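Enquirer: Structural data only, the sequence is not supplied:
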Ligand SMILES: [Cu+2]
């Protein structure tokens with residue numbers, strides 16, 4: 001009892017000082033983050049392409065930050081989070097190895113912004129089809145998502 005309230009007070013103090021992450025002791029796993037996923041979708045890739053993008057909205061309803069560290073899908077040989085950007089007139093994609101969602105924050109992956117890149121997609125994706133995605137977080141939790149294939153050019 002005593003120890004629990006001490007821990008809570010410590011957590012508060014750390015949050016206030018902004019030192020939460022660096023001061024988190026290695027032996028104490030953070031409580032489960034409560035991340036919700038909405039509106040997961042994939043624009044149908046043009047014929048002849050074996051890459052696809054996946055988009056969704058993540059909302060962290062928990063009290064600790066959630067860090068997305070990996071994505072996989074049974075339809076793709078590999079998947080990763082990318083950020084699209086324009087540098088010196090060239091559009092580029094940069095890998096996002098750790099996507100942090102703070103408590104209460106909503107992050108949307110959308111066309112021309114962040115996306116999940118699905119590489120070496122094994123089969124043509126049909127409009128309306130649902131594609132499984134598994135989101136892996138730094139705390140070891142996995143979130144299973146069903147993304148709907150929409151016509152190319154959907155927003
Ligand atoms: Cu990409």
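Expert: Good, I have the coordinates. Since we're looking at a predicted model, the values are computed, not measured.
Enquirer: residue contacts, residue 57?
Expert: Neighbour list for residue 57: 37-39, 106-109 [criterion: Cβ atoms under 8 Å, 6 or more residues apart in numbering]. The way it works is simple: take the backbone N, C-alpha and C, and place the C-beta from them, glycine included.
Enquirer: Closest one to residue 142 out of those residues, please.
Expert: Nearest to residue 142 among those is residue 37, at 11.6 Å by Cβ to Cβ.
Enquirer: so how far is the ion from that closest one?
Expert: Going from residue 37 to the ion by Cβ to the ion, to the nearest Å gives 19 Å.
Enquirer: ok, the helix or strand hosting that residue: who's next to it in the sheet?
Expert: Counting by DSSP states H and E, the element that carries residue 37 is strand 35-43. If you go by DSSP bridges, strand 35-43 pairs up with strand 52-60 (antiparallel), strand 142-150 (parallel).
Enquirer: For the spatially closest residue to residue 68 that is not a sequence neighbour, give me its contacts.
Expert: Leaving out its chain neighbours, the residue that sits closest to residue 68 by Cβ to Cβ, 6 or more residues apart in numbering is residue 99, at 4.1 Å. The contact partners of residue 99, by Cβ under 8 Å, 6+ apart, come to 58, 67-69, 81, 107, 114.
Enquirer: Now render the residues you listed as TSV, adding secondary structure, pLDDT and neighbour count.
Expert: Listed next are the contacts of residue 99 as TSV, based on DSSP: H, G, I helix; E, B strand; the rest coil; pLDDT from 0 to 100; neighbours: other Cβ atoms under 10 Å:
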residue	secondary structure	pLDDT	neighbour count
58	strand	98	22
67	strand	97	18
68	strand	98	22
69	strand	98	17
81	strand	98	21
107	strand	98	18
114	strand	97	21
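Enquirer: so can I have JSON lines of those showing distance to the ion?
Expert: As requested, the contacts of residue 99 are exported to JSON lines (distance: Cβ to the ion, whole Å):
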{"residue": "58", "distance to the ion": "17"}
{"residue": "67", "distance to the ion": "20"}
{"residue": "68", "distance to the ion": "15"}
{"residue": "69", "distance to the ion": "17"}
{"residue": "81", "distance to the ion": "9"}
{"residue": "107", "distance to the ion": "16"}
{"residue": "114", "distance to the ion": "9"}
